[in-house]
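Asker: would you be able to build a 3D model of this:
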Amino acid sequence: MPSSAGTSPSAPSNVAPPHPELRVYLLVKDLQRQFAAYLGTPTRARGYPPFAGEHSLIVEVAPALAIERVTDLALRAVPTVEPGILFVERQFGVLEVHGGDLADVERAGQAILAGLNADPADQLRPRILFADVIEDLTDRQAVIINRNRGGSMVLPGDTLGVCEVTPALFATVAANEAERAAPGVTLVDVSMIGVAGRVYLAGQSGDVTKAQQAMADVLASVEGRDQGGGPHVSA
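Answerer: Presented below is the predicted three-dimensional model:
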């Protein structure tokens, strides 16, 4: 059908795509044994698994596909760092790289920040949505929790600690610091992808309480912007 008089096909838009949003920029130093093992499981990492004592950088951006540019920036600048997680979900992209040399991991992070024209303080500040400590866990609750786990079981009589945080990736640094503060706890589960991250840990009441406090402290120390889009603030 002929076009109406005076109209013509629209010209291609020359408007540049929006600049990627840096949502999470986490340098996790000195990976603890249990948490390093969690990062290396197939459900989390399809790349190179990290080892205890290495250092990890975890980045989340939006839109999701921008994570491919982030990956290129990191690996091109520092080929010695290893990518463990590359996850493109519906809204956000996630990259985890690690290495034994902290300086290498930091240089990879600087390359990412320079390429995005961003600063670590541009990330979102974490917000704890829920936390609780449940003492003397009943046998039936232990069974139903363990039904959804592949290992690191919680036992009846244990004290259970749970924490839910957004953005989800902050569950990583929370879990690593919990294990550092209380090596006797068992990391039952660490969920780190999606809208909210969750940590399940179990053990003696004193260890779980200490781990919960360590998680709260490290999350409160993160510098960034409010999730409502407000200015940069310090904890």
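Asker: next, give phi and psi for the closest residue to V94 other than its chain neighbours.
Answerer: Distances taken as CB to CB, 6 or more residues apart in numbering place F87 nearest to V94, at 4.2 Å, with adjacent residues excluded. From N, CA and C alone the C-beta is placed, and that goes for glycine too. For F87, the backbone dihedrals are phi -130, psi 120 (criterion: degrees, to the nearest 10).
Asker: and the gap between F87 and L57?
Answerer: Per CB to CB, to the nearest Å, F87 is found 15 Å from L57.
Asker: these two - which one has more neighbours?
Answerer: Higher neighbour count among F87 and L57: L57, with 23 against 18, using other CB atoms under 10 Å.
Asker: and stretch 176-196, how far out from the chain middle?
Answerer: Relative to its parent chain, stretch 176-196 has a centroid offset of 11 Å by CA atoms, centre = their mean, to the nearest Å.
Asker: same deal with stretch 141-152?
Answerer: 22 Å.
Asker: could you do stretch 202-215 as well?
Answerer: Distance, centroid of stretch 202-215 to centroid of chain: 21 Å (CA atoms, centre = their mean).
Asker: stretch 76-95 now?
Answerer: Using CA atoms, centre = their mean, the offset of stretch 76-95 from its chain centre is 12 Å.
Asker: got a list of what A216 touches?
Answerer: Going by CB atoms under 8 Å, 6 or more residues apart in numbering, A216 touches 128, 131.
Asker: and if we set it to 7 Å?
Answerer: Counting by CB atoms under 7 Å, 6 or more residues apart in numbering, A216 makes contact with I128.
Asker: this structure: strands as residue ranges?
Answerer: Listed in chain order, the strands of the chain (DSSP state E) span 21-28, 55-62, 82-88, 93-99, 127-134, 159-166, 186-191, 197-203, 224-225, 232-233.
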